[in-house]
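*Asks:* Take this sequence and fold it.
(one chain, ligands or ions: 1)
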Amino acid sequence: MLIVSEETAAQVVTGEDAFTAVENVFAAMAKEDAYNFPVIREAIGYADALYGFKSGFDRAGGVLGLKSGGYWPGNMEKGLTNHQSTVFLFDPDTGRPHAMVGGNYLTAARTAASSAVSIKHLARPDAKVLGMIGAGHQAGFQLRAAATQRAFDRVVAWNYHPDMLPNLEKVAKDIGLPFEAVDREALGAAADVIISITSSFEPQLMRDWVKAGTHIACMGTDTKGKQELDPALVAAATVFTDEPAQSVSIGETQHAVAAGLIAETDITPIGAVINGTHPGRSSDDEITIFDGTGVGLQDLAVAAAAVDAAVAAGLAIDVEI
Ligand code: NAD
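*Replies:* Here you go, the predicted structure:
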């Protein structure tokens, strides 16, 4: 079995590698060549931890496995990140373990790749202003990945905890984009693309604040009860997602569906746009939303890319088990 450490995964998998892996697996999901298994997530009643598995099989890519991990709120005090994950890959022909891969960097990389894939396929080609709602661990990765997809000329940002915004400003400066902290109404009025990546349980962006033609990648809502968007905004938009069943149960559309504003059949898998079986954006005025809920196949796809790159670089550790 090959072992790829957290450090090696971060060293060998570029944002571009993650983008390609995620775009390909979304395409495979829409062709039903790849599917996710039901997600397990449990409060274990110890250390306040949430622990679970995301798993799946990509027949097209020959990738079978799971991501195991969760959230340990006390980790920060121990000098560790609260979110912890590890990916295990298995040989689909024999069931033998193939690789164990550190999954913390890869989770951020695959989540950023997911919204970047949506920007590539759904944002207006002339998008110039990127709006960021959220400034936590994921936000910097999101900003970097988004900036590879359109010729943005500035970033406007808002965060519930304003003291976190300088972290995001550093990333914007690093990639040469002017950065301005604004209120949410001003953000909606200015932005052509908006990424929301918060742990909010209430709408952060209202229908009336968003201008025609905006693309929104809604990335924070990945659990029942979480919410980032006004359901009226979701109802007014054309909605795409990684996985419709997950979008309506733990993703952003859970609220608009519960309110009877949209149905699961109104939500299109982004893979259909990638494959060319759905046209995607249909006019310059349309508001598009990508509800990125985060699926196990994304984790497996980037972990497989990490294994290949680590082997090529001579950095994978081989052990007999
Ligand atoms: P983090 O803890 O580093 O940052 C949390 C962010 O949410 C910060 O910007 C914080 O200011 C904001 N926030 C906290 N409480 C808020 C509130 N009450 N209202 C509005 N904003 C609030 O977390 P992170 O690692 O950056 O993750 C952000 C979110 O993204 C989490 O909800 C996480 O579960 C989710 N996530 C989704 C995916 C996916 O695939 N879709 C992957 C990873 C993380």
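
*Asks:* What residues does Ala116 make contact with?
*Replies:* 15, 19, 145-146, 148-149 (CB atoms under 8 Å, 6 or more residues apart in numbering). For every residue, glycine as well, the C-beta is placed using N, CA and C.

*Asks:* run the last query once more with 6 Å
*Replies:* Residues near Ala116 by CB atoms under 6 Å, 6 or more residues apart in numbering: 19, 145-146, 149.

*Asks:* same thing with Gly134?
*Replies:* Applying CB under 6 Å, 6+ apart to Gly134 gives the contacts 197-198.

*Asks:* pLDDT value on it, please?
*Replies:* Gly134 is assigned 98 on the pLDDT scale.

*Asks:* now do Arg41
*Replies:* The predicted local distance difference test score for Arg41 is 89.

*Asks:* Check for me that it belongs to a strand.
*Replies:* Yes: using DSSP: H, G, I helix; E, B strand; the rest coil, the secondary structure at Arg41 is a strand.

*Asks:* how close does the spatially closest residue to it that is not a sequence neighbour sit to Gly103?
*Replies:* The shortest distance from Arg41 to any residue other than its chain neighbours is 3.5 Å, reached at Gly52 (CB to CB, 6 or more residues apart in numbering). Relative to Gly103, Gly52 is positioned 13 Å away (CB to CB, to the nearest Å).

*Asks:* What number of residues are in the vicinity of the residue nearest to Arg41?
*Replies:* Gly52 has 17 neighbours, counted by other CB atoms under 10 Å.

*Asks:* and it, that's in a strand?
*Replies:* Yes: counting by three-state DSSP, Gly52 is part of a strand.

*Asks:* Pick out the most distant pair among the contacts of Ala116.
*Replies:* Phe19 and Ala146 (11.0 Å; CB to CB).

*Asks:* who has more neighbours, those two?
*Replies:* Higher neighbour count among Phe19 and Ala146: Ala146, with 26 against 22, using other CB under 10 Å.

*Asks:* Which pLDDT does the model give Thr223?
*Replies:* Thr223 is assigned 89 on the pLDDT scale.

*Asks:* An error on my part: the question was meant for Thr214.
*Replies:* Per-residue confidence (pLDDT) for Thr214: 99.

*Asks:* Can you list phi and psi of it for me?
*Replies:* Dihedral angles of Thr214 (phi, psi; degrees, to the nearest 10) stand at phi -70, psi 140.

*Asks:* Wait, it touches Glu286, no?
*Replies:* No: contact criterion CB atoms under 6 Å: Thr214 and Glu286 do not qualify, at 9.2 Å.

*Asks:* Settle it for me: which of the two has more neighbours?
*Replies:* More neighbours surround Thr214 than the other of Thr214 and Glu286, with 25 against 17 (other CB under 10 Å).

*Asks:* Tell me how far the residue nearest to the more buried one when sequence neighbours are not counted lies from Val12.
*Replies:* Distances taken as CB to CB, 6+ apart place Ile287 nearest to Thr214, at 5.4 Å, with adjacent residues excluded. Computed with CB to CB, the distance linking Ile287 and Val12 is 38 Å.

*Asks:* mean confidence for stretch 297-316?
*Replies:* Stretch 297-316 carries an average pLDDT of 98.

*Asks:* now do stretch 12-32
*Replies:* Rounded mean pLDDT across stretch 12-32 is 98.

*Asks:* same thing with stretch 105-113?
*Replies:* 98.

*Asks:* Quick one: residues in contact with it.
*Replies:* 9-10, 18-19, 22, 85, 138, 141-142, 145, 298, 302.

*Asks:* do the same with stretch 156-174
*Replies:* For stretch 156-174, the surrounding residues in contact (CB under 6 Å, 6+ apart) are 131-133, 135, 139-140, 143, 155, 179-182, 184, 187, 190-191.

*Asks:* what residues are up against His278?
*Replies:* By CB under 6 Å, 6+ apart, His278 lies in contact with 268, 272.

*Asks:* Same check on the one 4 residues further on?
*Replies:* The contact partners of Ser282, taken as CB under 6 Å, 6+ apart, number zero.

*Asks:* that's a helix at it, yeah?
*Replies:* No: counting by three-state DSSP, Ser282 falls outside a helix, being coil.

*Asks:* what about it, distance to the ligand?
*Replies:* From Ser282 over to the ligand the distance is 25 Å, taken as CB to the nearest ligand atom, to the nearest Å.

*Asks:* ditto for Ala310
*Replies:* Counting by CB to the nearest ligand atom, the gap from Ala310 to the ligand is 23 Å.

*Asks:* re earlier: in helices, which of the contacts of stretch 156-174 appear?
*Replies:* In helices, defined here by DSSP state H, the members of the contacts of stretch 156-174 are 139-140, 143, 184, 187, 190.
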